[in-house]
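J.: Task: produce atomic coordinates for the following.
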Amino acid sequence: MDSAELITQVRDELLRAENVLNTDFSFELAEPNYLRVLALMASAPQLQPQFEDLLITLFRDHKVSDEPIAYLMHRLRWPNVRQWMDAQLLAMPDAIATGAPSEKVIAAYSDDWENREFYQHLP
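T.: Below is the predicted model:
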């Protein structure tokens, strides 16, 4: 599978996870999608910059909410995604009112992320 196909698969899995969140309202039911995303990413670590761009774009364009990104960053802890989230908060004139989604992703970088309890496969 070439890199474009792999990135498309990651995107599609994330969109399916977001659909689960929006229709079944369940973090737990979305976790298998996240695990598939992690496996796809692990199969091509050289594509990390492209995966980071994809995650940021999906989040920025409101195609994927904070929860899938937070889950992935809890596991992956990619600094470029964290830096982008931090920069977004700094650039927001009303971050207290509108920055919650970015703050939720940043919070996931912590070992004691509050949403951990909703997932079965987090270490």
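
J.: mind showing which ranges of this structure have poor pLDDT?
T.: Confidence mapping of the chain against pLDDT under 70 gives the ranges 93, 95-99.

J.: Repeat the analysis, applying 90 as the threshold.
T.: Along the chain, the model assigns pLDDT under 90 to residues 1, 24-26, 88-102, 121-123.

J.: mind checking the longest helix of it?
T.: Longest among the helix segments of the chain by residue count, using DSSP state H, is helix 3-23.

J.: quick one, what contacts the residue nearest in space to the middle of the chain?
T.: The C-alpha lying nearest the average C-alpha coordinate of the chain belongs to residue 69 (CA atoms, centre = their mean; 1.3 Å). Counting by CB atoms under 8 Å, 6 or more residues apart in numbering, residue 69 touches 55, 58-59, 81, 105, 108. (C-beta placed from N, C-alpha, C; glycine too.)

J.: what ranges do the helices span in this structure?
T.: Using DSSP H, the helices assigned to the chain run over residues 3-23, 27-42, 48-60, 66-76, 79-91, 95-98, 100-107.

J.: ok, and for the first one, which residues are buried?
T.: Applying a neighbour-count criterion of 16 or more other CB atoms under 10 Å, one finds 6-7, 10-11, 13-14, 16-18, 20-21 buried in helix 3-23.

J.: Give me the distance from it to the chain's centre.
T.: For helix 3-23, the separation from the chain centroid amounts to 11 Å (computed by CA atoms, centre = their mean, to the nearest Å).

J.: got the angle for the longest helix of the chain vs helix 48-60?
T.: 30 degrees (axes from the mean of the first three to the mean of the last three CA atoms, to 10 degrees).
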